[in-house]
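S.K.: Quick one, what's the 3D model for this:
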Amino acid sequence: MVQRKAGGYIFRMYENDHPPLHVHVFLDGDDVAKFDLENGRFLELANPRHAGRIRRALAQAGFIEK
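M.R.: Residues are numbered from 1 along each chain as shown. Predicted coordinates:
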């Protein structure tokens with residue numbers, strides 16, 4: 001498992017997880033999103049208000065480009 005933290009979020013990528021390549025996004029211990037790294041979109045998003053913050057944190061963590 002790869003785990004990185006940024007912007008108050010924890011991002012986890014699990015080995016041998018199903019495609020597409022994605023990260024699980026956690027906030028305060030809750031699974032709040034899954035982000036598709038191959039296509040640059042959310043697979044799941046609990047609260048759309050967090051989308052911009054999650055994208056910025058993904059960039060800070062080095063998962064996507066700014």
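S.K.: Tell me the buried residues in stretch 17-25?
M.R.: 22, 23, 24, 25 (16 or more other CB atoms under 10 Å). The C-beta positions use only the backbone N, C-alpha and C, and glycine is treated the same way.
S.K.: which phi and psi does the third one have?
M.R.: The reference is to residue 24. phi -90, psi 140 (degrees, to the nearest 10).
S.K.: if I look at it, how far off is residue 46?
M.R.: 12 Å (CB to CB, to the nearest Å).
S.K.: Between these two, which contacts overlap?
M.R.: Common neighbours of residue 24 and residue 46 are listed as 31, 33 (criterion: CB atoms under 8 Å, 6 or more residues apart in numbering).
S.K.: Which neighbouring residues are in contact with residue 17, exactly?
M.R.: Listed by CB under 8 Å, 6+ apart, residue 17 has no contact partners.
S.K.: And the buried residues of stretch 17-25, which is closest to residue 41?
M.R.: Nearest to residue 41 out of those is residue 22 (CB to CB; 9.8 Å).
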